[in-house]
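Participant: Provided below are the primary sequence and the corresponding predicted coordinates.
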Amino acid sequence: MQRSARQLTPGAMPDWSPPRRRRRLVGAVRKILFGGVAFVVACALGFAILLLVTPSVGNARQLAQQIDERQGAPYPGLAAPARFAAALEATEDHRFASEPGIDPVAVGRVIYGAVFGKGDEGGATLYQQLAKMLYTPDQSGLTAKAEQVALAVKLKYSYSGAEILRLYSDVAYFGHGFYGLQDASCGYFGVQPDGLSWPQAALLAGMVQDPSSDDPIDHPAAGLAREQHVMGRLVSVGAISEASASAYLKEPLSELLAHAGACLG
């Protein structure tokens, strides 16, 4: 008897019955899970090796002192005051108090950028930035970034948050030849760090990423743009109100810089 046109020869098409679909789905999920576990284990092993081969951070204070001595900056400077610390954290690392020294998502972006040639994807925490300033100031590339990640975790669990902010403030470059927060505060505004106003603190915190380009004396427009950005971040994290930020941004730059250099040693 001739088969109907709609009748299929057994085995001519794959068996898509529910049991077969479930088996294939389970197999695919297992492969994904095993691959994920293998990736996590490889990352954990690689990070453990990084922790072993990178140096101790017990000499961070000594390195900061050496940097300041080379630059003619006072060491130790004053503790990072509340306004500057808030402005710096808001614009550079708003999870500073809670993170493990690194931002895993940002680290992933850096690895992705390095592997696929996307350039520096940014996102370094304050701990990573301090690690770079102290331990790898003249190095770049994926190897240096990997070292900074390990050192950042060590810094996190070796020093208090206040000490990290102080070390950072001691060695950061703020443009116009000013190394360290104390010289920058006196050099730009003629006040000690604990006397910084919100606009002055925002200007200084905004300079750490690109101090030469955002110097408010040589590049006032760029400096004011960074101030505006930091003020926006302070509003976003709830450190100041939007109304206060608007009022602060109305203060002329000439008034903020009116006493520049008044307390330099």
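Facilitator: Noted; the coordinates are in hand. Numbering: from 1, shown residues only.
Participant: tell me the contacts of residue 89?
Facilitator: 96, 97, 126, 237 (Cβ atoms under 8 Å, 6 or more residues apart in numbering). C-beta here means a position set from N, CA and C on the backbone, and glycine is covered the same way.
Participant: out of those, who's nearest residue 61?
Facilitator: Using Cβ to Cβ, residue 126 comes nearest to residue 61 of the contacts of residue 89, at 16.5 Å.
Participant: would you list the contacts of residue 89 in JSON lines and tack on secondary structure and neighbour count?
Facilitator: Formatted as JSON lines, these follow (DSSP: H, G, I helix; E, B strand; the rest coil; neighbours: other Cβ atoms under 10 Å):
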{"residue": "96", "secondary structure": "coil", "neighbour count": "19"}
{"residue": "97", "secondary structure": "coil", "neighbour count": "8"}
{"residue": "126", "secondary structure": "helix", "neighbour count": "24"}
{"residue": "237", "secondary structure": "coil", "neighbour count": "12"}
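Participant: state the pair within these that is farthest apart.
Facilitator: 126 and 237 (14.3 Å).
Participant: before we move on, the earlier item: tell me the least confident of the contacts of residue 89?
Facilitator: Minimum pLDDT across the contacts of residue 89 is recorded for residue 97, with 92.
Participant: quick one: that one and residue 91, what's the gap?
Facilitator: 15 Å (Cβ to Cβ, to the nearest Å).
Participant: next, residue 151: phi, psi?
Facilitator: Backbone dihedrals for residue 151, given as degrees, to the nearest 10, come out at phi -70, psi -30.
Participant: typo on my end, residue 62
Facilitator: The phi/psi pair for residue 62 (degrees, to the nearest 10) is phi -60, psi -40.
Participant: can you get me a residue count around it?
Facilitator: 10 (other Cβ atoms under 10 Å).
Participant: distance of residue 200 from residue 189?
Facilitator: 5 Å.
Participant: now name the helix or strand holding residue 70.
Facilitator: Using DSSP states H and E, residue 70 sits in helix 60-71.
Participant: next helix or strand past that helix?
Facilitator: By DSSP H and E, the next helix or strand past helix 60-71 is helix 82-92.
Participant: tell me the helices in this structure, going along the chain?
Facilitator: 18-53, 60-71, 82-92, 104-115, 126-135, 142-156, 161-171, 181-189, 198-207, 220-236, 242-248, 253-256 (DSSP state H).
Participant: deepest-packed of those, please.
Facilitator: Per residue and on average, the most neighbours among the helices of the chain fall to helix 198-207, with a mean of 28 (mean count of other Cβ atoms under 10 Å).
Participant: name the helices or strands packed onto that helix?
Facilitator: Here helix 198-207 touches helix 82-92, helix 181-189, helix 220-236, helix 242-248, helix 253-256, going by 3 or more Cβ pairs under 8 Å, 6 or more residues apart in numbering; DSSP states H and E.
Participant: may I have that helix exported as CSV, CA atoms only?
Facilitator: Backbone C-alpha positions of helix 198-207 (Å, rounded to 0.1, in the frame of the first residue of the first chain) are rendered in CSV as follows:
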residue,chain,number,x,y,z
TRP,A,198,32.5,72.1,49.1
PRO,A,199,33.3,73.7,45.8
GLN,A,200,37.1,73.7,46.6
ALA,A,201,36.9,70.0,47.7
ALA,A,202,35.0,69.2,44.5
LEU,A,203,37.6,70.9,42.3
LEU,A,204,40.5,69.0,43.9
ALA,A,205,38.7,65.6,43.8
GLY,A,206,37.8,66.2,40.2
MET,A,207,41.5,66.7,39.3
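Participant: now do that helix and helix 181-189, the angle between them.
Facilitator: Here helix 198-207 runs at an angle of 120 degrees relative to helix 181-189 (axes from the mean of the first three to the mean of the last three Cα atoms, to 10 degrees).
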